[in-house]
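Chemist: Just need the structure, nothing else, for what follows:
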Amino acid sequence: RNTNMKKLKLEQVEHNKKIGKDCPYYEPNVKEDCLLEVDGEIVGFYIRDVKEYSERLNLLLAVANKEFRSDNVPKTILDRMSTVQLSKTGMTRKEARKIGVSQYSTILGSIPPRPVMRRPYPNISSVHRVETAQKFVKAMWGACLEAEQIVKQLTPHIYERQLELLEDVKDEWKFGTMYTGSISNFNISAPFHRDTGNIVGTVNIILTKRNNANGGCLNVPDYNVTFEQADNSMLVYPAWKNVHGVTPIKPIADDGYRNSLIFYPLKAFKGI
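Modeler: Prediction:
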């Protein structure tokens, strides 16, 4: 694949978006493959379809998505929202009733210490020990490694810097070679936030699977950009750096959904 991608220069703009506030719907304005440039530096990239870069990643992503949506994989179910709450996301009551409020997530890889929860030690997600989830775990691990190779191909300076920033993270806490964990989210939009637990200077990888659903796109108000997280897309972005949120997800059929499969590097594992 030709790596001569066009560059999108991200310019800082004024905005009034605050952490914790719901992210409203924005029409995506980044829809094509591009490198993301800030102040002359490439900080990430967007790919609309990973199949154009890696057939293996395309296949692994399909397997991971299928397994995640099955009963084979344990999930954390979000509190069921009322129809009224769902309607506030922009859906009609009819649409809200139709989707039945299915929202859940699964974490893989390393879990940081949480002293306030009486667990002052790091751990590995219990999903790794569930027999029926092994296909999902392997598919996600493989997808992470394949996605890392695309990062290496398109932005070798980001790849090398991330490896350096994780040099003092023990292999036992790594997911792939340049991350510590993964979270898969089903139909979950997110209020404005910044990934303050991430290692400064790193990037997240966000892979997306969707079917018969609108919305669920990443908005970065600092640059007035909304990435179209199309089916099979890949976004590489420094999530520690800017406030960002995910627009409301609106299924347009009974089988509508949007999944995000994210790899991230937590600073809690440096030096332990």
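Chemist: all helices of the stretch 1-150 of the chain, in order?
Modeler: All helices of the stretch 1-150 of the chain, identified by DSSP state H, counting those that start in this stretch, fall at 55-68, 83-87, 93-99, 134-154.
Chemist: could those helices be laid out in a markdown table, adding mean pLDDT and mean neighbour count?
Modeler: In this view, the C-beta of every residue, glycine as well, is placed from N, C-alpha and C. As requested, the helices of the stretch 1-150 of the chain are arranged in a markdown table below (pLDDT from 0 to 100; neighbours: other CB atoms under 10 Å):
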| stretch | mean pLDDT | mean neighbour count |
| --- | --- | --- |
| helix 55-68 | 98 | 20 |
| helix 83-87 | 46 | 14 |
| helix 93-99 | 47 | 15 |
| helix 134-154 | 98 | 20 |
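Chemist: Strands of the stretch 1-150 of the chain, residue ranges please.
Modeler: Under the criterion DSSP state E, counting those that start in this stretch, the stretch 1-150 of the chain contains strands at 7-9, 34-38, 41-47, 76-77, 104-111, 123-124.
Chemist: hmm, back to that, closest one to residue 23 among the helices of the stretch 1-150 of the chain?
Modeler: Taking CB to CB as the criterion, helix 83-87 is the member of the helices of the stretch 1-150 of the chain that comes nearest to residue 23, at 15.2 Å.
Chemist: ok, residue 24 to residue 245 distance?
Modeler: Distance, residue 24 to residue 245, by CB to CB, to the nearest Å: 9 Å.
Chemist: Give me the more crowded residue out of those two.
Modeler: Taking neighbours as other CB atoms under 10 Å, residue 24 and residue 245 compare with residue 245 leading, 23 against 12.
Chemist: quick revisit: for residue 170, find the nearest of the helices of the stretch 1-150 of the chain.
Modeler: Taking CB to CB, helix 134-154 is the member of the helices of the stretch 1-150 of the chain nearest to residue 170, at 16.9 Å.
Chemist: Could you name the helices and strands sitting against the closest one?
Modeler: Contact here means 3 or more CB pairs under 8 Å, 6 or more residues apart in numbering; DSSP states H and E; on that basis helix 134-154 packs against helix 55-68, strand 104-111, helix 156-165, strand 181-186, strand 204-211, strand 234-237, strand 257-264.
Chemist: For the chain, give me the ranges with low pLDDT.
Modeler: Across the chain, the stretches falling below the confidence threshold (pLDDT under 70) are 1-3, 79-101, 115-119.
Chemist: returning to that earlier point: format the helices and strands packed on helix 134-154 as a markdown table; extra columns: distance to residue 19.
Modeler: Written out in a markdown table, the entries for the helices and strands packed on helix 134-154 read as follows (distance: least, CB to CB, whole Å):
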| stretch | distance to residue 19 |
| --- | --- |
| helix 55-68 | 28 |
| strand 104-111 | 20 |
| helix 156-165 | 24 |
| strand 181-186 | 19 |
| strand 204-211 | 17 |
| strand 234-237 | 17 |
| strand 257-264 | 18 |
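Chemist: Identify whichever of the ones you listed lies nearest to residue 145.
Modeler: Taking the helices and strands packed on helix 134-154 one by one with CB to CB, helix 55-68 is closest: 9.0 Å.
Chemist: Could you check the angle that closest one makes with strand 104-111?
Modeler: Taking axes from the mean of the first three to the mean of the last three CA atoms, to 10 degrees, one finds that helix 55-68 is oriented at 120 degrees with respect to strand 104-111.
Chemist: angle of helix 55-68 against strand 257-264?
Modeler: 120 degrees.
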